[in-house]
Each structure stands twice: as C-alpha cells, then as structure tokens.
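Trainee: just the structure for this:
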Amino acid sequence: MDADEKEVRRKRQREVSLVGEAIEKRIMQILAQDNKIREECIIGHGPAQAVRAETFVLRDFERDESVELPHLILSVKYTRETGEEVYMYMDADIVIYHKLSRRIVCVISSKKSFRERGAQSAYWSLKKTGRDFKYIIVTPDSDFELYNPDNPYKQAKWRTILENEMAAVFVIDKGPPFKSRNFYVGNDHLKNCIRELLLSQTF
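Mentor: Numbering: from 1, shown residues only. Modelled structure (predicted):
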C-alpha cells in the first residue's frame, strides 16, 4: 500500500470515527432529556476494546461524575494458541449505570449502518449471556436498512437478525412512532425502555 492509499484510508477512518462520536452524543442527549434517567444514572462512553487494568472508569458524558467498575462486567475471556488467557471488552459504545442500585442496567451498541457492523453487535449480544444488563442497539438508520415508513412491517435481513439477537432495537430521530415485537422507532420508545429498566431495579 503506497502513501496515497494510506492517507485515503486514514481520512476515511477519521470520518467514520467522527460520525460515530456524533451518533453516540445524540443518543446520550436523548436519554438525558428524561429527568429520571438524568438524575439516577451515569451515562458515558464504554471502555476501549483492550483490557489494560482490573477496572475501568465510566465518566458521565456531560457532568463531573464517574464510577470505577471491574472490567469483568463488560469483558470476555479468550484463549490464545499459546494457552494464554486474554480479556477483551465487548462492543459497548454507551454504558448506563444506575447509581441507586449500583449496577449497569443497559449497554448500547450504536451504529450508523450495518452489514458487518450488524454482525458485530449480534456477536457481542451472544457473548453477554448470563449478565443482568440489557444489551440493545440504537441507530439513526441513515440508509433505511431497518425501517421504511412506507412499509413499516417489512423484515429486511438485518432487522430480522438483530430483532432475534439483541434485547431490543431502536431507530431514533425518525417517525412516526412504531413498535413491532422488540423493534422500536421513535426517541420516546428509547427513553421509556431505560425508565422501565430503572423501575425494575431492586435495592
């Protein structure tokens, strides 16, 4: 790969990263609009994929508030050919921590589009088995891969897969509001889901 190709690739990666960060910020802003969620939760970016310490710090995206948590809550153990055991964090773009119950109640995988990225979310959803937080996917569905308002019940490939593998699938900043099984369109559906998770916590 020559220098020009490398620069094109770096530019594309920067653009994708900026778009991803903007989507994550938008999701967190939507959640923070709800008073109960804002008062009771720390809403922050999940840890990077490599596990470098026994704990990670979850920092709220807009307030000077944080909590230190053990990496095992969000990490998965793998074994290398040498027999060495290593841990990697699951795809956790946004983490919602409930301060009253002192636990993570929801992990969000945010995506602009799907294809191989949809497979990534479905994979990590399978790997979270046995953990008591919900693992959901939230997307603006920019390319209308999941939802067509003219044919809302159409089951495209990724919608079918994600509806079965994720705890719930949410399309934000689109209307009219829609619900089918565990597939939701509309910002209020996302906020209501998190509120219900908070109400179900035991102290």
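Trainee: every contact and neighbour count from this point should use C-alpha atoms.
Mentor: Will do.
Trainee: who touches the longest strand along the chain?
Mentor: Counting residues, the longest strand in the chain under DSSP state E turns out to be strand 103-110. Defining contact as C-alpha atoms under 8 Å, 6 or more residues apart in numbering, one finds that strand 103-110 is touched by 20, 23-24, 91-98, 121, 132-139, 194, 197-198.
Trainee: quickly run through the sheet partners of that strand, with directions.
Mentor: Applying DSSP bridges to the sheet, strand 103-110 is found paired with strand 94-98 (antiparallel), strand 134-139 (parallel).
Trainee: which of these is buried the deepest?
Mentor: Comparing the strands paired with strand 103-110 by mean neighbour count (mean count of other C-alpha atoms under 10 Å), strand 94-98 ranks first with a mean of 24.
Trainee: distance-wise, check the closest residue to Asn187 other than its chain neighbours relative to Ala92.
Mentor: Excluding its sequence neighbours, the residue lying closest to Asn187 (C-alpha to C-alpha, 6 or more residues apart in numbering) is Ile172, at 5.1 Å. According to C-alpha to C-alpha, to the nearest Å, Ile172 and Ala92 sit 18 Å apart.
Trainee: ranges for the strands of this structure?
Mentor: Counting by DSSP E, the strands of the chain are 41-45, 55-59, 66-70, 75-79, 85-89, 94-98, 103-110, 134-139, 168-171, 178-180, 183-185.
Trainee: tabulate these (a markdown table), appending distance to Gln33 and mean pLDDT.
Mentor: Output for the strands of the chain, formatted as a markdown table (distance: least, C-alpha to C-alpha, whole Å; pLDDT from 0 to 100):
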| stretch | distance to Gln33 | mean pLDDT |
| --- | --- | --- |
| strand 41-45 | 12 | 97 |
| strand 55-59 | 18 | 96 |
| strand 66-70 | 19 | 97 |
| strand 75-79 | 30 | 90 |
| strand 85-89 | 28 | 91 |
| strand 94-98 | 14 | 97 |
| strand 103-110 | 17 | 95 |
| strand 134-139 | 16 | 94 |
| strand 168-171 | 17 | 95 |
| strand 178-180 | 20 | 93 |
| strand 183-185 | 17 | 96 |
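Trainee: would you turn these into a markdown table with distance to Leu126?
Mentor: Below are the strands of the chain laid out as a markdown table (distance: least, C-alpha to C-alpha, whole Å):
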| stretch | distance to Leu126 |
| --- | --- |
| strand 41-45 | 21 |
| strand 55-59 | 22 |
| strand 66-70 | 21 |
| strand 75-79 | 11 |
| strand 85-89 | 14 |
| strand 94-98 | 18 |
| strand 103-110 | 13 |
| strand 134-139 | 10 |
| strand 168-171 | 13 |
| strand 178-180 | 22 |
| strand 183-185 | 18 |
